[in-house]
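In: Please work out how this folds:
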Amino acid sequence: MQKKDLIFIALVVLFLLPFIVFEPLLEAYKSFNQQHGMIMSFVKFAILATLGEVIGLRIKTGNYHQPGFGILPRALVWGLLGLTIQMAFVIFSTGTPQLLAYLGIEEAPDILNNPGFSGLKLLTALMTSAAMNLIYAPVMMTIHKITDTHIEQTGGRLSGLLKPMKTGEIMAGINWRVQWGFVFRKTIPLFWIPAHTITFMLPGEYRVLFAALLGIMLGVLLAIAAVMGKKP
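Out: Reported below is the predicted structural model:
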């Protein structure tokens with residue numbers, strides 16, 4: 001581990017430590033999060049998922065930043081994606097239990113909000129996670145790949161997000177063997193469905209925070225996929 005890694009870890013700890021040490025600050029966060037869930041989802045993903053991409057860049061290049069990487073546009077895009085992730089959590093945590101009730105499991109609609117653990121709660125969380133990751137996640141990951149490429153093509157400048165996005169050309173240039181074979185076929189069933197099963201087992205106010213923390217891993221995995229996509 002190099003000196004820059006220790007500095008990076010220290011900065012992350014210093015950023016998170018006040019929320020752990022000062023209970024009033026944590027309570028203020030919880031209160032604001034309950035009242036303004038969409039705003040907090042934007043902020044959490046803008047910070048944490050971008051942090052994951054920075055770690056991914058370190059893995060790829062040995063540096064936490066380089067010209068053209070575009071931390072600010074990436075953070076803005078992740079914030080906007082965070083809004084759609086919050087929407088997906090609301091839609092699937094409500095809709096999937098209703099579907100299970102329609103199929104005969106009448107207790108499902110309320111089970112995710114009940115305290116404690118049960119087999120039915122685990123099953124409902126698993127089905128909710130599977131539905132969200134199989135229906136929503138591939139679309140979100142592809143949109144991220146398109147915007148990520150656009151940011152690179154425009155030199156990592158914030159103003160580059162205002163330029164027309166060559167979506168068709170970018171999609172034609174995506175390495176779909178990696179996108180399908182690694183990002184979709186491996187990370188979704190082996191990591192994201194189990195991880196979000198745990199997420200849906202948590203109390204509602206902690207779900208998006210935990211998902212945002214998982215966003216660090218998402219940034220890392222997508223960075224690894226980017227490296228794989230550039231290999232012949």
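
In: how about Val220, what does it touch?
Out: 52-53, 55-56, 59 (Cβ atoms under 8 Å, 6 or more residues apart in numbering). Yep, even glycine has a C-beta here, placed from its N, CA and C like the rest.

In: pLDDT value on it, please?
Out: Model confidence at Val220, expressed as pLDDT, equals 77.

In: Repeat that for Pro232.
Out: Predicted confidence (pLDDT) for Pro232: 51.

In: Likewise for Lys166?
Out: We have a pLDDT of 93 for Lys166.

In: what about it, neighbour count?
Out: 14 (other Cβ atoms under 10 Å).

In: Could you tell me how far it is located from Gln153?
Out: Separation of Lys166 from Gln153 (Cβ to Cβ, to the nearest Å): 8 Å.

In: again, but for Ala211
Out: Counting by Cβ to Cβ, the gap from Ala211 to Gln153 is 29 Å.

In: that older thread, any chance of the contacts of Val220 in CSV, with pLDDT and neighbour count too?
Out: Shown next, in CSV, are the contacts of Val220 (pLDDT from 0 to 100; neighbours: other Cβ atoms under 10 Å):
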residue, pLDDT, neighbour count
Gly52, 86, 23
Glu53, 86, 25
Ile55, 86, 19
Gly56, 82, 22
Ile59, 80, 12
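
In: Closest one of these to Leu11?
Out: Ranked by distance to Leu11 (Cβ to Cβ), the contacts of Val220 are led by Ile55 at 12.5 Å.

In: where does the chain dip in pLDDT?
Out: Along the chain, the model assigns pLDDT under 70 to residues 1, 19, 208, 227, 229-232.

In: quick one: buried residues of the strand or helix carrying Phe32?
Out: Using DSSP states H and E, Phe32 maps to helix 23-35. Residues of helix 23-35 classed as buried by neighbour count (16 or more other Cβ atoms under 10 Å): Asn33.

In: what's the answer for stretch 77-95, then?
Out: Of the residues in stretch 77-95, those buried (16+ other Cβ under 10 Å) are 77-82, 85-86, 88-89, 92-93.

In: Next: stretch 184-194.
Out: Here stretch 184-194 shows 184, 187-188, 192-193 as buried, counting by 16+ other Cβ under 10 Å.

In: neighbouring contacts of stretch 184-199?
Out: 122, 125-126, 128-130, 132-134, 137-138, 141, 207, 210-211, 214, 217, 221.

In: cool, stretch 137-153 as well?
Out: Stretch 137-153 has contacts (Cβ under 8 Å, 6+ apart) with 68, 70, 73-74, 77, 81, 84-85, 88, 160-161, 163, 165-167, 170-171, 173-174, 179, 183-184, 188, 192, 222, 226.

In: Next step: the residues you listed restricted to helices.
Out: Counting by DSSP state H, the part of those found in helices is 73-74, 77, 81, 84-85, 88, 167, 170-171, 173, 222, 226.

In: Skipping its backbone neighbours, what lies nearest Phe117 in space?
Out: Met201 (7.4 Å; Cβ to Cβ, 6 or more residues apart in numbering).

In: And the helix or strand where Leu134 lies, what does it pack against?
Out: Secondary structure assignment for Leu134, by DSSP H and E: helix 119-135. Counting contacts by 3 or more Cβ pairs under 8 Å, 6 or more residues apart in numbering; DSSP states H and E, helix 119-135 packs against helix 71-102, helix 108-111, helix 193-201.
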